[in-house]
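Chemist: Build me a model:
(one chain, ligands or ions: 1)
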Amino acid sequence: KSSFLMTPGPTQVPSQVSLAMAQEIIHHRVPAFGALLKDITEKLQYVFQTQNDVLVFPGAGTGAMEGAIVNFFSPGDKVAFGIIGEFGSRWAKIAEIFGLQPIRLGGEWGKAVTAQDIDLLLSSEAGKGVKGVFITHNETSTGVYSDLKSIGEVCKKHNVLYLVDAVSSLVAIDCKTDLWGIDVVITASQKALMTPPGLCFFSVSKKGWEYNQEAKCPRYYWDLANALKSLKKASPENPYTPAVTLLFGLNEALNMIKQEGLENVFKRHLQLSKMFRTGVEALGLELMVKDEKIASPAVTSIMLPEGIEAGKISGFFRNNGIVIAGGQGQLKGKIIRVGHLGYVDAFDISNTLITLGRAFKSQGKALNTEAALKKAWEVYEHE
Ligand code: PMP
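Modeler: Numbering: from 1, shown residues only. Modelled structure (predicted):
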C-alpha cells in the first residue's frame, strides 16, 4: 500500500490529474501541443496573478533557483538574500557559485526577514550597488512565510530587481506578482500545484527582461530568452523536449484550481493550517513558529520534546500509511514538519492529528488526542 503524503512536497496528486497523465503521448512539435502550451500558459498567468511572461521547464525547483540567477545577473554583481532557512541559504550559495556577491540578511531560522531589514540594508553603505533582492516566500524548512507586499514596496523604492522563490507557496499563499511588483517568481509542480515533481516555472517582468539583456552569467539549458522566443511562435513550443505527460497533468490541476477559485484555495489553506496548529497545541506539543502573523499556511513545524526521536515518530507515521518530513540542516532531529498544501482537506488534517497522538504514545508520551480533535474541528467549522 502506498503512503499518503503529508510532506511539504511532493504532495498528493488528485486522481483527475493522474488520469490526465494516462493519455497517449503527443509529439511536441505538432499543433495540438502548441494549443496545450498556450492554454497552460494562460492558466499559469492566472495562478501567478500576472500579465508577465510565464515559462515552463522540465526540472526541479532548484533548477529554477539557478535559472533565476544566471538569467538576470553577471559575475561580480552585488545582490541581497533574505535567509530564514535552508532554501534561502541554498539560493545564496548558487549565486556565489556563479560569482555573484551575495549579502546575507537574517540568518535566524524560524524568524522572518522584514521589509525594514531590507530597507536598512539598501539605504546603507554596505547596500550600495545592490542589483537584486531574493526572498523565499515560504521557507519550507521552518514554516515561516515572508511579507511579499511590503518587501515589494522597498524594492520599488530602491529600484532593484525583486526575485521570489514561491516553490512551496504559489497557490497555497497569496502571491500578487503584478500588484506587489515582483519581477521574477519561481515555483515547481510538486507542491500546491498538485502535480508530480518534474516541472518548474518562471514569471518574468519587463524589468526582468531588461536585466536579462545585460546578464553575463553562462547559461544554455536555462536560457529564458530562448524559451520565450519558442513560446511566442504562432504555435507555442519549448526549445527542447518538454515533459509532455506532466503538462497533461498540470493542465488538469490548473483546471481544478480555476474551478475552486484562487481566493478560495488560499482560504482553504489558511483554514486548514489554523485547524492543524490548534490541534497540535491542544495535543500539548510546541509549535516552532509561535507568531501567527508569520506562520505558514502550507507547512507546520513541531518541536520535538526532550527524549523523543524524530526518526521514531516519522517511522511510526510511515508504518501507518502517512509520510511526514523531518528537520533540515540545523533543525535536523529537532523538529518534524507536516505539509498541508495542495490537494488537502480537513479529513487529512484530522487523520494526521490522530496519528501524531498515536506516534507519541508509541514513544511513551501520552497526548490528549480527543481534546485536540475537538478543538481542531471547532476551528475548522468557525473559520
Ligand atoms: N525552494 C523551496 C522554498 C522549496 O521548498 C524547495 C523544495 N522543498 C525548493 C526550493 C527546491 O525544490 P526542488 O526540491 O524541487 O529542487
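
Chemist: right, and R104 touches R90 too?
Modeler: No: with contacts defined as C-beta atoms under 8 Å, R104 does not count as touching R90, sitting 12.0 Å away. C-beta coordinates here come from the backbone N, C-alpha and C atoms, glycine included.

Chemist: got a pLDDT number for R318?
Modeler: Looking at R318, its pLDDT reads 97.

Chemist: Would you mind confirming that it makes contact with S3?
Modeler: Yes: applying C-beta under 8 Å, one finds R318 in contact with S3, separated by 6.2 Å.

Chemist: From D165, how far out is the spatially closest residue to E86 that is not a sequence neighbour?
Modeler: If the residues on either side of it in the chain are set aside, E86 comes closest to S141, at 3.7 Å by C-beta to C-beta, 6 or more residues apart in numbering. Between S141 and D165 the distance is 12 Å, computed by C-beta to C-beta, to the nearest Å.

Chemist: between the two, what contacts are shared?
Modeler: Counting by C-beta atoms under 8 Å, 6 or more residues apart in numbering, the contacts common to S141 and D165 are F87.

Chemist: OK, contacts around K43?
Modeler: Contacts here follow C-beta under 8 Å, 6+ apart; on that basis K43 touches N251, L254, N255, I257, K258.

Chemist: Who are the packing partners of the helix ranked longest in the chain?
Modeler: For the chain, the helix reaching the highest residue count under DSSP state H is reported as helix 262-283. Here helix 262-283 is seen to pack against strand 286-287, strand 299-303, helix 346-362, helix 369-382 when contacts are counted using 3 or more C-beta pairs under 8 Å, 6 or more residues apart in numbering; DSSP states H and E.

Chemist: In CSV, please show the C-alpha coordinates belonging to the third one.
Modeler: Provided in CSV are the C-alpha atoms of helix 346-362 (Å, rounded to 0.1, in the frame of the first residue of the first chain):
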residue,chain,number,x,y,z
ALA,A,346,-9.9,18.7,6.9
PHE,A,347,-10.1,14.9,6.9
ASP,A,348,-6.3,14.7,6.2
ILE,A,349,-5.6,17.1,9.0
SER,A,350,-7.7,15.2,11.4
ASN,A,351,-6.1,11.9,10.5
THR,A,352,-2.6,13.5,10.9
LEU,A,353,-3.5,14.7,14.4
ILE,A,354,-4.8,11.2,15.4
THR,A,355,-1.6,9.7,14.1
LEU,A,356,0.5,12.3,15.9
GLY,A,357,-1.2,11.3,19.2
ARG,A,358,-0.6,7.6,18.5
ALA,A,359,3.0,8.2,17.4
PHE,A,360,3.9,10.0,20.6
LYS,A,361,2.0,7.4,22.7
SER,A,362,4.2,4.7,21.0
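
Chemist: re earlier: among the contacts of K43, the buried ones, what's the PyMOL command?
Modeler: To isolate the buried ones among these in PyMOL, judged by 16 or more other C-beta atoms under 10 Å, type:
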select buried, resi 251+254+257
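
Chemist: so of the contacts of K43, which ones are in helices?
Modeler: Within the contacts of K43, residues falling in helices by DSSP H are N251, L254, N255, I257, K258.

Chemist: For those residues, give me a markdown table that also has pLDDT and distance to the ligand.
Modeler: Formatted as a markdown table, the ones in helices among the contacts of K43 follow (pLDDT from 0 to 100; distance: C-beta to the nearest ligand atom, whole Å):
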| residue | pLDDT | distance to the ligand |
| --- | --- | --- |
| N251 | 98 | 20 |
| L254 | 98 | 19 |
| N255 | 98 | 23 |
| I257 | 98 | 19 |
| K258 | 98 | 24 |
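
Chemist: near the ligand, which residues of the stretch 1-150 of the chain?
Modeler: Counting by C-beta under 6 Å from any ligand atom, the residues of the stretch 1-150 of the chain close to the ligand are G9, A60, G61, T62, M65, F87, T136, N138, T140.

Chemist: let's see it at 5 Å
Modeler: Proximity of the stretch 1-150 of the chain to the ligand is confined to A60, G61, T62, F87, T140 under the rule C-beta under 5 Å from any ligand atom.

Chemist: Cross those against helices and list the overlap.
Modeler: Using DSSP H, the members of those that fall within helices are G61, T62, F87.

Chemist: tell me the domain ranges of the protein?
Modeler: In terms of domains, the chain is parsed into 15-259, 262-382 (source: automatic domain parsing).

Chemist: Just name the most buried of those.
Modeler: Ranked by mean neighbour count under mean count of other C-beta atoms under 10 Å, the domains of the chain are led by domain 15-259, which reaches a mean of 20.

Chemist: For whatever residue of the stretch 51-200 of the chain ends up closest to the ligand, list the residues it contacts.
Modeler: Among all residues of the stretch 51-200 of the chain, G61 sits closest to the ligand, at 2.4 Å; criterion: C-beta to the nearest ligand atom. By C-beta under 8 Å, 6+ apart, the contact list for G61 reads D165, V167, I186, T187, A188, C200.

Chemist: any idea how far A253 is from V17?
Modeler: Looking at A253 against V17, where the rule is C-beta to C-beta, the gap reads 5 Å.

Chemist: what touches both of these two?
Modeler: Contacts common to A253 and V17, judged by C-beta under 8 Å, 6+ apart, are M194, T195.

Chemist: so A227 sits right up against L55, yeah?
Modeler: Yes: between A227 and L55 there is a contact at 4.8 Å, judged by C-beta under 8 Å.
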